[in-house]
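*Asks:* Please work out how this folds:
(chains A and B)
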Protein chains: 2
Amino acid sequence: MPKFYFEDFAPGWTAAYGPRRVTREEMIGFAAQYDPQPMHLDEEAARHTMLGGLGASGWHTCAIMMKMIADNLLLDAASMGAPGIEEVRWLKPVRPGDSLTVRGSVVGTRASQSKPDRGFVTFRWEVFNDRDEKVMTLICPQMLLRRHAGAA
Amino acid sequence: MPKFYFEDFAPGWTAAYGPRRVTREEMIGFAAQYDPQPMHLDEEAARHTMLGGLGASGWHTCAIMMKMIADNLLLDAASMGAPGIEEVRWLKPVRPGDSLTVRGSVVGTRASQSKPDRGFVTFRWEVFNDRDEKVMTLICPQMLLRRHAGAA
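*Replies:* Reported below is the predicted structural model:
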């Protein structure tokens, strides 16, 4: 049984998850499979890019954040998935050995107009490294069942 | 030496990459590591979700698309990375065994106002399955060096 439904979220809700360490090996492994640009893949080549050294693929940072949100929130929630992402900002490189924390807040909520059993919660997620630098922000609507959907 | 610079992109530019097959094993592997929600992880549990069966994590579809764009375009381009993503829409589930193709177009371009050696190209990417259904769209600005940056 889910612990969290649409009604449990409103502006003022906040959360913090982590830390989660990102290793060089994992960073390079992800890059080799999904984003083989020199700045994500090879320490020496990365030095000559705008990152000035190895940095995680932005998609890897998204995936790591997703895992933290799933483990800490969505697996306990009546989640019906997300229709997409409204905005991602990659602000600073994620470096090998960085430990990431995720902070979440609710931007807004709205009940579905066409389907009375569900609603949308728009979350703002911010990812920080262990130097308290903000490395990524993301705005994402999440679809959730209402608590008493059957009784609506 | 890169083949493509900022100047090589303008509205009217199009590209198509793929197909790239997505296996059940890869789909479940990605989900276990980064997005362990039942609809991405377990065939039986997925049947009872809004996907009605196993579907790839939306982040996995992004990562697969990224690999196709890197291999076919960015590794040959004077790319300086992307500051973020403007919008992602997950329109239909990606199923085990689906073969994905990516179609790209240019929405607009603008030279950097603060740095004369570079500019931004905003791409629209669309991902299709082998039933010609659009499964994802994405709008992403890409930073690229200008061809004769040193001479500016």
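*Asks:* Around chain B, which positions in chain A sit nearby?
*Replies:* Residues of chain A lying close to chain B by CB under 8 Å from any CB of the partner chain are A:30, A:33-37, A:39, A:49-51, A:57-59, A:62-64, A:66-67, A:70-71, A:74-75, A:79-90, A:143. For the C-beta atoms, the positions are set from N, CA and C on the backbone; glycine is no exception.
*Asks:* From those residues, which land in helices?
*Replies:* Cross-referencing the residues of chain A next to chain B against helices under DSSP state H gives A:30, A:33-34, A:39, A:58-59, A:62-64, A:66-67, A:70-71.
*Asks:* If any of the residues you listed are buried, put those into a PyMOL selection.
*Replies:* To isolate the buried ones among those in PyMOL, judged by 16 or more other CB atoms under 10 Å in any protein chain shown, type:
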select buried, chain A and resi 30+33+34+39+58+59+62+63+64+66+67+70
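*Asks:* what's the helix or strand of chain A with the lowest mean pLDDT in contact with?
*Replies:* Sorting the helices and strands of chain A by mean pLDDT, DSSP states H and E puts helix A:43-47 at the bottom, at a mean of 92. Here helix A:43-47 makes contact (CB atoms under 8 Å, 6 or more residues apart in numbering or on different chains) with A:38, A:39, A:40, A:52, A:53, A:54, A:55.
*Asks:* let's see it at 10 Å
*Replies:* For helix A:43-47, the surrounding residues in contact (CB atoms under 10 Å, 6 or more residues apart in numbering or on different chains) are A:24, A:28, A:31, A:37-40, A:52-55, A:93, A:96.
*Asks:* Measure how far that helix is from the centre of its chain, please.
*Replies:* 27 Å (CA atoms, centre = their mean, to the nearest Å).
*Asks:* Pull out the buried residues from that helix.
*Replies:* Applying 16+ other CB under 10 Å to helix A:43-47 flags residue A:46 as buried.
*Asks:* pLDDT below threshold where in chain A?
*Replies:* In the prediction, chain A carries residues with pLDDT under 70 at positions A:149-152.
*Asks:* where exactly do the strands run in it?
*Replies:* Per DSSP state E, chain A carries strands over the ranges A:14-21, A:84-85, A:87-90, A:99-111, A:118-128, A:134-145.
*Asks:* chain center to the first one: distance?
*Replies:* If you compare the mean C-alpha spot of strand A:14-21 with that of the full chain, they lie 10 Å apart, counting by CA atoms, centre = their mean.
*Asks:* now do the second one
*Replies:* For strand A:84-85, the gap between its own C-alpha mean and the chain's C-alpha mean amounts to 11 Å (CA atoms, centre = their mean).
*Asks:* Who are the packing partners of it?
*Replies:* The contact analysis (3 or more CB pairs under 10 Å, 6 or more residues apart in numbering or on different chains; DSSP states H and E) places strand A:84-85 against strand A:134-145, helix B:58-72, strand B:87-90, strand B:134-145.
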